[in-house]
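# sequence below, structure please.
(one chain, ligands or ions: 1)
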Amino acid sequence: MITIPELPFTKDALEPYISSKTLDFHYGKHHNAYVANTNKLLENHVLRDKTLEEIIESTAGDSSQVGLFNNAAQVWNHTFYWNSIKPKGGGKPTGKVADRINDDLGGYDKFVEAFQTAGAGQFGSGWAWLVENKDGKLEVTKTANADTPLAHGLKPVLTMDVWEHAYYLDYQNRRPDYMKGFIENLINWDFANSNI
Ligand code: MN3
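Take a look at the predicted model:
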């Protein structure tokens, strides 16, 4: 049985960058539906007692388990996304993630450029990520639809949802404006630091 974690902030805490109305739908409807669908697909399933991470890793790349993978990965990605943001976040990082961004990505401005390019360049639905790659270096990447770095042996550090449901009520088609608000005002660098 998979459960939906509580949001780590109140629904109006991210305004004006993400509205409470968006969170009503994004958390209350979309994330919730992925949880309900995952539980339905797990009924009588051999993986029903496994953790969410184990379910994702076991079903990745298995064409007979696409529905379970997609829903389980979306549950995980969304929980990671809520933790990736906070009220009065964003701007330049501090701590070890700042040092690692300097060493591995060439500095904060390069990170912003790469993260924006990943988010804008994801055609259709998907996610932009800061991950730690197999060589232990930070890297910016993107995934399509429900796909997640967990399925590729990469360690997620931070994510930005670029599905239209993440921003359409607030920004309509202006994905770059949503990304700007996200990067400058919402990124939870404390969470990123806790992941490396
Ligand atoms: Mn979403």
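
# look at the closest residue to Val162 other than its chain neighbours and tell me its secondary structure.
The spatially closest residue to Val162, leaving aside those adjacent along the chain, is Gly119, at 4.8 Å (Cβ to Cβ, 6 or more residues apart in numbering). Bear in mind the C-beta positions are built from the backbone N, C-alpha and C, glycine included. Secondary structure, DSSP: H, G, I helix; E, B strand; the rest coil: Gly119 is helix.

# give the contact list for Gly119.
Ala128, Lys142, Met160, Val162, Arg175, Met179 (Cβ atoms under 8 Å, 6 or more residues apart in numbering).

# so which of these comes closest to the ion?
Proximity of the contacts of Gly119 to the ion (Cβ to the ion) peaks at Val162, which lies at 8.7 Å.

# the closest one: what's it in contact with?
Gly119, Gln122, Ser125, Gly126, Trp127, Ala128, Arg175, Tyr178, Met179.

# please redo it, this time with the cut-off set to 10 Å
Neighbouring residues of Val162 by Cβ atoms under 10 Å, 6 or more residues apart in numbering: 118-122, 124-128, 142, 175, 178-179, 182.

# and for Pro93?
99-102, 108, 111, 130, 158, 187, 189-190, 192-193.

# which of those count as buried?
Among the contacts of Pro93, the ones that count as buried by 16 or more other Cβ atoms under 10 Å are Arg100, Ile101, Phe111, Leu130, Leu158, Ile187, Trp189, Ala192, Asn193.

# so the first one makes contact with Tyr108?
Put plainly, it is Arg100. No. Using Cβ atoms under 10 Å, Arg100 is not in contact with Tyr108, being 11.2 Å away.

# tell me the mean pLDDT over the longest helix along the chain?
Assignment by DSSP state H gives helix 66-83 as the longest helix of the chain. Taken as a whole, helix 66-83 carries a mean pLDDT of 98.

# near the ion, anything from it?
No. Residues of helix 66-83 are not located near the ion by Cβ under 5 Å from the ion, the shortest gap being 5.6 Å.

# packing partners of that helix?
helix 32-42, helix 52-59, strand 126-132, strand 155-161, helix 189-194 (3 or more Cβ pairs under 10 Å, 6 or more residues apart in numbering; DSSP states H and E).
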